[in-house]
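Engineer: generate coordinates for the sequence data below:
(2 chains)
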Amino acid sequence: MNSLVSLKRRLAALIAFAVAMVTISGLFLPLVYAGGNAESEKAANNTTENPKLTGADLYAIHCNRCHAERYPKEFQASQWKTIITHMRVRANLPASQAKEIFKYLQEESGN
Amino acid sequence: MGIVQSPCAMAVVSDEDFKKLADLVGQLNAKVQALEQAHEQDQQTIKQLERQEGTTKEMANMTQQKADAASQQARQPVNPAPNIFNAATHNVMLVGDAEIQYGKTAGQHSSFALADIAPILLIRANDSILFEAGFDIRLQNGSSATLQNGQTGNLGSQTSVDVSFAQLDYLLNDYVTVVAGDMLLPLGTYSERAAGWLNKMPDDPLARSVLPGSGVGIQLRGAIPVGDSGKLVNYAVYGVNGPGSVDGTGNSTFKDSMGSILPNLDLGGNVGITNSGNNANLHQNPSGGGRLGFFVPLHPHYDFELGVSGQTGAWDSAGRRLWSGAILDAAVHISPYFEVKGEYINSWVETDDIGIYQPHGWWVQAAYKLAALNLDLPIISNVELVSRYDTAADGLGLKTNRATAGLVYYFTNTLLFEGDYEWLHSRGPDALPGNAFLLQLSCGF
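Structural biologist: Predicted structure coming up:
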């Protein structure tokens, strides 16, 4: 009986977690577009499927998941190599995408 | 027309003389032929000898090379380690973060706190091997001193240095990375991706206290892209020593020297070497765990990720009682300006005295950058509003709920000011203090 009550409580907590995630996302949607920001509108209106993401796209996608983007010129290309190896493991990135990101950073780092 | 002949030509040569002369010429011709034949044979012999000499030299060279190689191998390891110190400027790096905090908790004096630096040392030996170690260096009040009246006071300060993780990463191929050492565990995503300056709050979610942050063992991890649009499946499986028991038994609690009753489950210990220097696991049975995640980007800055993870294994010294944990994690990004993420955590602890108890909790955190309003005012656009709700229960009677509201001000992309107010409600034994006000300056490097 106790275990059934406990299970119900856990399920209730799980549902509360899921509802909170969805509700917060929904509530903030109008705010995201409140300023009419060009970048947001462009992405929202872009209904065509992007055939292949560039290194810059992948950099924006993955790095922003956890922290603000670092500028490519903040590190030398050889330093980016070490950082990308670290991030490939830490963020569990696919090798092919990590290589594209490194290629972009290598070109943009300017050295 | 007449023919004039010379007087010599007109001399008379007898047939006998002519025959002798002809025989002599024939003999000379035979001798010349014999000599030519001998010369040809000599030439062939010379060529053969030259070839033999060449082969002999070649063999001698090969023998010398083999001898050199064998000699070289005897002096060096089979695969010589790269000399990383010739490239110290790019193969060896120090990244990480530092924080300074000011806090005021209800019922306590306000204070500056947490002068904390957390460097991460990265050493890339080659394209496939990376060693990384994270340290946490903190300043805190010193040891307590017993006063004449029997009361205790604080004496000086102490600096603690913790190794948060120290792991060797070997990129085996595009889909598998082998990680070994003291690893951040992929139980949810918080330990790996949100600790320190990456978190937009000065403190951790309460529910993380029911999980281990790192473990000593070995892990296989990797990611597999799904199509060209950035979707991916990532995975991690690992084996670690697992949690331990403070007093070695499977009892839920133990009593310390001051008479306080504390949880017996030790999630952060059992690193393989005991304090007496012995090399031993605290119990025979290791723990196993893993995570499976699915990441879907719709556009850059528009994505969601779902993950499930868990770990199970013995925790008491007899290896008869199991600790198990299960985590559901989720993160959503809608534009560069809005994100929401959270984790639901449940764990089960088998004990000798009270059966199974279940530490659990969950947290949800949302952040909204005012740059979305496009106001062209840097003092507004550099602000990100943050809120969090988190709850945790230790399964032994302590329950805490907390709501937090705050902001982050970005001086740069790596220098942040964070300010939060926390409404905290805690009940049960050793309930946490009340509401708190926290300010923090964080710097990532």
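Engineer: dihedrals phi and psi, residue B:269?
Structural biologist: phi -100, psi -150 (degrees, to the nearest 10).
Engineer: dump the residue contacts of it.
Structural biologist: Under the criterion of Cβ atoms under 8 Å, 6 or more residues apart in numbering or on different chains, the neighbours of residue B:269 are B:243-244, B:282. Where C-beta positions appear, they are placed from N, C-alpha and C, glycine not excepted.
Engineer: if we use 10 Å, what do you get?
Structural biologist: B:212, B:241, B:243-246, B:275, B:282 (Cβ atoms under 10 Å, 6 or more residues apart in numbering or on different chains).
Engineer: residue B:143 now?
Structural biologist: By Cβ under 10 Å, 6+ apart, residue B:143 lies in contact with B:152, B:154-158.
Engineer: report the lowest-confidence entry in the contacts of residue B:269.
Structural biologist: Minimum pLDDT across the contacts of residue B:269 is recorded for residue B:275, with 71.
Engineer: which strand residues bridge the closest residue to residue B:360 other than its chain neighbours?
Structural biologist: Excluding the flanking residues, the one nearest residue B:360 by Cβ to Cβ, 6 or more residues apart in numbering or on different chains is residue B:346, at 4.4 Å. Taking DSSP bridges as the rule, residue B:346 bridges to residue B:326, residue B:360.
Engineer: shaky segments in chain A?
Structural biologist: By pLDDT under 70, the weakly predicted segments of chain A are A:1-4, A:25, A:27-51.
Engineer: and the residue nearest the centre of it?
Structural biologist: With distances taken as Cα atoms, centre = their mean, chain A has residue A:65 as the residue nearest its mean C-alpha position (3.1 Å).
Engineer: okay, now the domains of chain A?
Structural biologist: Here the domain parsing of chain A from automatic domain parsing is A:1-37, A:49-111.
Engineer: which strands and helices sit next to whichever strand or helix holds residue B:330?
Structural biologist: Assessed by DSSP states H and E, residue B:330 sits inside strand B:322-334. With contacts defined as 3 or more Cβ pairs under 10 Å, 6 or more residues apart in numbering or on different chains; DSSP states H and E, strand B:322-334 has these neighbours: helix A:2-32, helix A:38-45, helix B:190-193, strand B:287-299, strand B:302-314, strand B:338-350, strand B:360-369.
Engineer: try 8 Å this time
Structural biologist: On a contact count with 3 or more Cβ pairs under 8 Å, 6 or more residues apart in numbering or on different chains; DSSP states H and E, strand B:322-334 meets helix A:2-32, strand B:287-299, strand B:302-314, strand B:338-350.
Engineer: okay if I get the contacts of residue B:143 as TSV plus pLDDT and distance to residue B:218?
Structural biologist: Formatted as TSV, these follow (pLDDT from 0 to 100; distance: Cβ to Cβ, whole Å):
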residue	pLDDT	distance to residue B:218
B:152	73	44
B:154	75	42
B:155	79	42
B:156	81	41
B:157	83	38
B:158	83	34
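Engineer: so which of the domains of chain A comes closest to residue B:350?
Structural biologist: Closest approach to residue B:350 among the domains of chain A is made by domain A:1-37 (13.2 Å; Cβ to Cβ).
Engineer: before we move on, the earlier item: give me the phi and psi angles of the residue nearest to the centre of chain A.
Structural biologist: The phi/psi pair for residue A:65 (degrees, to the nearest 10) reads phi -60, psi -30.
Engineer: ok so, going back, and the helices and strands packed on strand B:322-334: which comes nearest residue B:34?
Structural biologist: Per Cβ to Cβ, nearest to residue B:34 of these: strand B:287-299, 91.6 Å.
Engineer: and the closest one, what other elements does it pack with?
Structural biologist: On a contact count with 3+ Cβ pairs under 8 Å, 6+ apart, strand B:287-299 meets strand B:232-240, strand B:302-314, strand B:322-334.
Engineer: ranking these by burial, who's on top?
Structural biologist: Ranked by mean neighbour count under mean count of other Cβ atoms under 10 Å in any protein chain shown, these are led by strand B:322-334, which reaches a mean of 22.
Engineer: relative to strand B:287-299, how tilted is it?
Structural biologist: In terms of direction (axes from the mean of the first three to the mean of the last three Cα atoms, to 10 degrees), strand B:322-334 departs from strand B:287-299 by 10 degrees.
Engineer: helices of chain B, start to end?
Structural biologist: B:15-75, B:88-91, B:190-193, B:378-381 (DSSP state H).
Engineer: buried residues in the third one?
Structural biologist: Spelled out, that is helix B:190-193. Within helix B:190-193, the residues that count as buried by 16 or more other Cβ atoms under 10 Å in any protein chain shown are B:190-193.
Engineer: what does stretch B:404-412 give?
Structural biologist: B:404, B:406-408, B:410.
Engineer: ok, residues contacting it?
Structural biologist: Stretch B:404-412 has contacts (Cβ under 8 Å, 6+ apart) with A:68, B:200-201, B:367, B:382-390, B:416-423, B:438.
Engineer: which non-adjacent residue is nearest residue A:77?
Structural biologist: Leaving aside its sequence neighbours, residue A:77 sits nearest to residue A:106 (Cβ to Cβ, 6+ apart; 4.4 Å).
Engineer: how close does the residue nearest in space to the middle of chain B get to chain A?
Structural biologist: Residue closest to the mean C-alpha point of chain B, counted by Cα atoms, centre = their mean, is residue B:169 at 4.5 Å. Residue B:169 is 5 Å from chain A, where distance means Cβ to the nearest Cβ, to the nearest Å.
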